[in-house]
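[1] What shape does this take:
(one chain, ligands or ions: 1)
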Amino acid sequence: MNDVICPRCGVKMEFISEAETTNQRKTIRYFYRCPACGMKIADSQIALEKTENELIIRVQK
Ligand SMILES: [Zn+2]
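    Numbering: from 1, shown residues only. Presented below is the predicted three-dimensional model:
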């Protein structure tokens, strides 16, 4: 994976993932955060949805 540099201060950004669960659905967000100024750049988002007999995985870029 390539390093992402903060456009504001030129520092290497951290890769963070964040999961959120609601009733039938789980959303995982990936983003980069600058440790110096706190700026965030969104990467991809994955949604997992459970129905009665299947699990749907959606990737949003
Ligand atoms: Zn920064």
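[2] what's the longest strand in this protein?
    Longest strand of the chain, by residue count under DSSP state E: strand 40-50.
[3] close to the ion, is that one?
    No: contact of strand 40-50 with the ion (C-beta under 5 Å from the ion) is absent, the minimum separation being 9.9 Å. All C-beta atoms are positioned from the backbone trio N, CA, C, and that covers glycine.
[4] Give the full set of residues in contact with Glu18.
    Ile28, Arg29, Tyr30, Phe31 (C-beta atoms under 8 Å, 6 or more residues apart in numbering).
[5] So which bits of the chain are right by the ion?
    Checking the chain against the ion by C-beta under 5 Å from the ion, the hits are Cys6, Arg8, Cys9, Cys34, Ala36, Cys37, Met39.
[6] follow-up on the earlier one: now the element after the longest strand of the chain, going C-ward?
    Helices and strands here follow DSSP states H and E; after strand 40-50, the next one along the chain is strand 55-60.
[7] Select from the residues of the chain next to the ion the one having the most neighbours.
    Of the residues of the chain next to the ion, Cys34 is surrounded by the most neighbours, 20 neighbours in total, counting by other C-beta atoms under 10 Å.
[8] Can you tell me the closest non-neighbouring residue to it?
    Nearest-residue entry for Cys34: Cys6, 3.9 Å, with adjacent residues in sequence omitted and distances by C-beta to C-beta, 6 or more residues apart in numbering.
[9] surely the one you found meets Gly38?
    No: Cys6 lies out of contact with Gly38 (C-beta atoms under 8 Å); the separation is 9.6 Å.
[10] where does this structure dip in pLDDT?
    Scanning the chain for pLDDT under 70 picks out the ranges 1.
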